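K.L.:
Only the shape, not the letters, is given here:
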């Protein structure tokens, strides 16, 4: 494995598409297939039980997202330890952003006259998958050795401030009137 010239936070150089990144993307895809199968199975079961579209769909998505969170945390992104603070909230936010982008594609296509077109949904799903993968890799499942998940995430983006340095300055500066 060749060096990318980056320090442990990924700062200082561009990341390359190493074989481990490709392997991780394939694992992410496999998890996506599994959580889709579970979610769709539960949607069909809910419909067969007479639960209706909304309840069946919500149950299927909830189960699929839950399975996806745990499999991606443990297998795809190798975070076998305990929960990182905020990981579930970051996962939910990433889902909302990815799903919103998917719906944006579908709505834009509908307004352009492409109604019930499967290729539109395929394009939306591809965008959803890309956003969800990078959101998971860069925002949700950040390194367990980083003391602050947001700081670790922001340090990986080019041009972002090093939040660890900013936090150190803020915490080292006494507030006015503080007894030192």
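P.N.:
Nice, thanks for sending it over. Everything numeric here is computed off the predicted structure, so don't read it as measured data.
K.L.:
and the biggest helix by length in the chain, which residues are buried?
P.N.:
The longest helix of the chain (DSSP state H) is helix 19-48. Neighbour counts over helix 19-48 (16 or more other Cβ atoms under 10 Å) mark 24, 25, 27, 28, 31, 32, 35, 38, 39, 42, 43, 46 as buried. In this view, the C-beta of every residue, glycine as well, is placed from N, C-alpha and C.
K.L.:
tell me what that helix is packed against?
P.N.:
helix 52-71, helix 118-135 (3 or more Cβ pairs under 8 Å, 6 or more residues apart in numbering; DSSP states H and E).
K.L.:
Next, the buried residues of the longest one.
P.N.:
Meaning helix 52-71. Buried, per 16+ other Cβ under 10 Å, within helix 52-71: 56, 57, 59, 60, 61, 63, 64, 65, 67, 68, 69, 71.
K.L.:
The first one and residue 50 touch, don't they?
P.N.:
No - in terms of Cβ atoms under 8 Å, residue 56 does not count as a neighbour of residue 50; the distance is 9.3 Å.
K.L.:
The longest helix of the chain versus helix 52-71: what angle between them?
P.N.:
Computed by axes from the mean of the first three to the mean of the last three Cα atoms, to 10 degrees, the angle separating helix 19-48 from helix 52-71 equals 150 degrees.
K.L.:
Now do helix 19-48 against helix 118-135, angle only.
P.N.:
130 degrees.
K.L.:
Below-threshold pLDDT in the chain: ranges please.
P.N.:
1-19, 80-83, 143-180 (pLDDT under 70).
K.L.:
can you rerun that using 50?
P.N.:
For the chain, the stretches with pLDDT under 50 are 1-14, 146-180.
K.L.:
Wait, residue 124 touches residue 110, no?
P.N.:
No - here residue 124 does not reach residue 110: they are 10.9 Å apart, not a contact under Cβ under 8 Å.
K.L.:
more crowded one of these two?
P.N.:
residue 124 (21 against 13; other Cβ atoms under 10 Å).
K.L.:
Now do that one against residue 131, distance only.
P.N.:
11 Å (Cβ to Cβ, to the nearest Å).
K.L.:
quick one: common contacting residues for the two?
P.N.:
Common neighbours of residue 124 and residue 131, using Cβ atoms under 8 Å, 6 or more residues apart in numbering, are residue 101.
K.L.:
Enumerate every residue touching the closest residue to residue 39 other than its chain neighbours.
P.N.:
Leaving aside its sequence neighbours, residue 39 sits nearest to residue 64 (Cβ to Cβ, 6 or more residues apart in numbering; 3.0 Å). By Cβ under 8 Å, 6+ apart, residue 64 lies in contact with 35, 36, 38, 39, 40, 42.
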